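J.: My questions are about this predicted structure, shown below with the sequence.
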Amino acid sequence: MVLEATMICIDNSEWMRNGDYAPSRFQAQADAVNLICGAKTQSNPENTVGILTMAGKGVRVLVTPTSDLGKILACMHGLEIGGEMNLASGIQVAQLALKHRQNKKQQQRIIVFCGSPIKHEKKLIEMIGRKLKKNSVALDIINFGEQDDGKIEKLEALLAAVNNNDTSHIVHVPTGSSALSDVLINTPIFTGDGEGGSGFAAAAAAAAAGGLSGFDFGVDPNLDPELALALRVSMEEERARQEAAAKKATEEAAKQEKGEGQPSGTQDAMMTERANVATSEVDNKDDENALLQQALAMSMDDPDSGHETRDTDMSDAAADDPELALALQLSVQDGTKDSSSQSDLSKLLADQSFVSSILASLPGVDPNDPSVKNLLDSIQSQTESQQKNEEKEPKEDEK
Amino acid sequence: MSGDSASAIQRSQVDLVDFIDWSGVECLNQSTSHSLPNALKQGYREDDGLNLESDADEQLLIYIPFTQVIKLHSLLIKGPEEEGPKTVKLYSNKENMGFGNVNDFPPSDTAVLSPDSLKGKPIVLKYVKFQNVRSLTIFIEDNHSGSDITKVQKIALFGTTVETTDMKGLKKIEDH
């Protein structure tokens, strides 16, 4: 999330016609540029990116640093290949463009794509590097394409001259292997000095891996991040539930020894009804809100039946959350309470239809199954004592 | 003259370190381990072991904004005899200067430090040029030994504040 102004220096020399990076070096470079622009603008909305070309008739600034992604992508069209790359001028012009950025608070960064041989002397390159360092400009170098004697040496010298506290990087992309963009996604150039890969990079990686359908849930996180997040969360919840259900199965054997309750049969029926009602509603987010309201209504109207559902809630809430299961076990065994876990339980106990829907959705769990009934009954005795705490604790909970 | 400046400081001039706006202070070409607060901040600057050092070459560009308008009377720079600054140029109220454009404007004042001044003797400046200072840019051009690293132990500024309204003192006028 660093506030940054970036200038990208593109190599559009004749060497870019080569096809050793599919489809051509120039095209691979253009894809990489698009990805970088997207990543920068997404990581911080106030970031600006500018582009210039280093070859052709001379160094030409295509777009000055702007946060308008459309403008940046548009200027990538219709670029012509030709001439020879002038690295020194390119970097110097980029530095000048950054100097005149509008927001002086932005950090300055130059990203150079170096795909053709460097005709400058090493000394000159180093001097340029030192000048960049003096003006606190960071530099990222992407070395691909033509590799001649001394090119790597010069670039490494440039990096050494510029580098201040590891803010500058160099990446060597060998031919063939995979696309230029794929290699870059995993580098600090994209992930921004170890701040943690942006969600953009992760999504881009997913896209690169398997096309649009490569996204986890058939939903593009870029297009609809909330839906993707909701789906991901529900998947994780389901997985956690199933894990806890397996745990519960072992606990049930121990709990079967505890009391029985006749009403539990009818309560189960009520529960499954509610479960059906609950599941008929739309999934996840809407579900929870509606369920909470149902729960509130239920707890106010019918405290007795509420007990039963709360019992199941507890088991299923526990099924939902392994940590909760642990807390449950503790409370069963000791009778001593950790108030926070109790209050969590209390909340989830109230969320009965949420639980009943979970119960219905659990594979292999039949609410009418005798072992489940026994489990419910045994928990009933615990929850009654918990409810007394629940009344005291909701005030704490609310905070 | 030296006696004069010393007494001038006692008389009405105040150490302006309290009026520095720390959020906007910048220093170009400083080494990350030896940075500007070592020379400027109270406490750090008294410690001669903590220096401000230059990085890529011997020049330093320091930008100091103030929280209110001040008049700058004198400057004190302390540094080692060899690597301490020699030529120091001061620019008043110029923002976002870079090494490229330091030579584009004439400085408000230039001070050439002798090894004597480097021991911590204040240098009186052209007071008339610094009557209305919102920000100060200090450009250290070279050092005594000519080495690639310039070291500064302490920078202190002396002057007075211009009469400005203290907003906290404003009271609401009651309606009649």
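T.: Happy to help now that I have it.
J.: for chain B, longest strand please?
T.: Using DSSP state E to assign secondary structure, the strand with the most residues in chain B is strand B:60-78.
J.: buried residues in that one?
T.: Of the residues in strand B:60-78, B:60-67, B:70-78 count as buried by neighbour count, 16 or more other CB atoms under 10 Å in any protein chain shown. Yep, even glycine has a C-beta here, placed from its N, CA and C like the rest.
J.: Next: stretch A:171-190.
T.: Neighbour-count burial for stretch A:171-190 flags A:171, A:173, A:179, A:180, A:181, A:182, A:183, A:184, A:185, A:188, A:189, A:190 (criterion: 16+ other CB under 10 Å).
J.: In strands only, show me the residues you listed.
T.: When DSSP E defines the strands, the subset of the buried residues of stretch A:171-190 inside them is residue A:171.
J.: Switch the buried residues of stretch A:171-190 over to CSV; also include distance to residue B:134 and pLDDT.
T.: Compiled in CSV, those are given as follows (distance: CB to CB, whole Å; pLDDT from 0 to 100):
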residue, distance to residue B:134, pLDDT
A:171, 44, 92
A:173, 49, 90
A:179, 52, 82
A:180, 48, 85
A:181, 47, 86
A:182, 51, 86
A:183, 49, 87
A:184, 44, 88
A:185, 46, 87
A:188, 39, 83
A:189, 39, 80
A:190, 40, 79
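J.: can you list the residues of chain B near chain A?
T.: Where proximity means CB under 8 Å from any CB of the partner chain, the interface of chain B facing chain A comprises B:28, B:29, B:32, B:55, B:56, B:57, B:59, B:95, B:96, B:98, B:99, B:100.
J.: From these, pick the one nearest residue A:12.
T.: Here the nearest of the residues of chain B next to chain A to residue A:12, counting by CB to CB, is residue B:100; it sits at 27.4 Å.
J.: I'd guessed the closest one sits against residue A:99; true?
T.: Yes: shown here, residue B:100 and residue A:99 form a contact pair, counting by CB atoms under 8 Å, at 7.2 Å.
J.: okay if I get the residues of chain B next to chain A as JSON lines plus neighbour count?
T.: Putting these into JSON lines (neighbours: other CB atoms under 10 Å in any protein chain shown) gives the following:
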{"residue": "B:28", "neighbour count": "19"}
{"residue": "B:29", "neighbour count": "22"}
{"residue": "B:32", "neighbour count": "9"}
{"residue": "B:55", "neighbour count": "23"}
{"residue": "B:56", "neighbour count": "21"}
{"residue": "B:57", "neighbour count": "17"}
{"residue": "B:59", "neighbour count": "20"}
{"residue": "B:95", "neighbour count": "13"}
{"residue": "B:96", "neighbour count": "11"}
{"residue": "B:98", "neighbour count": "14"}
{"residue": "B:99", "neighbour count": "16"}
{"residue": "B:100", "neighbour count": "12"}
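J.: Take the residues you listed and keep only those in strands.
T.: Judged by DSSP E, the subset of the residues of chain B next to chain A located in strands is residue B:28.
J.: name the helices or strands packed onto the strand or helix carrying residue A:139?
T.: Residue A:139 belongs to strand A:137-143 when assigned by DSSP states H and E. The elements that strand A:137-143 packs onto, with contact taken as 3 or more CB pairs under 8 Å, 6 or more residues apart in numbering or on different chains; DSSP states H and E, are helix A:87-99, strand A:107-114, helix A:122-134, helix A:151-162, strand A:169-172.
J.: what about the third one and chain B, touching?
T.: Yes: contact of helix A:122-134 with chain B (CB under 8 Å from any CB) involves A:130, A:131, A:133, A:134.
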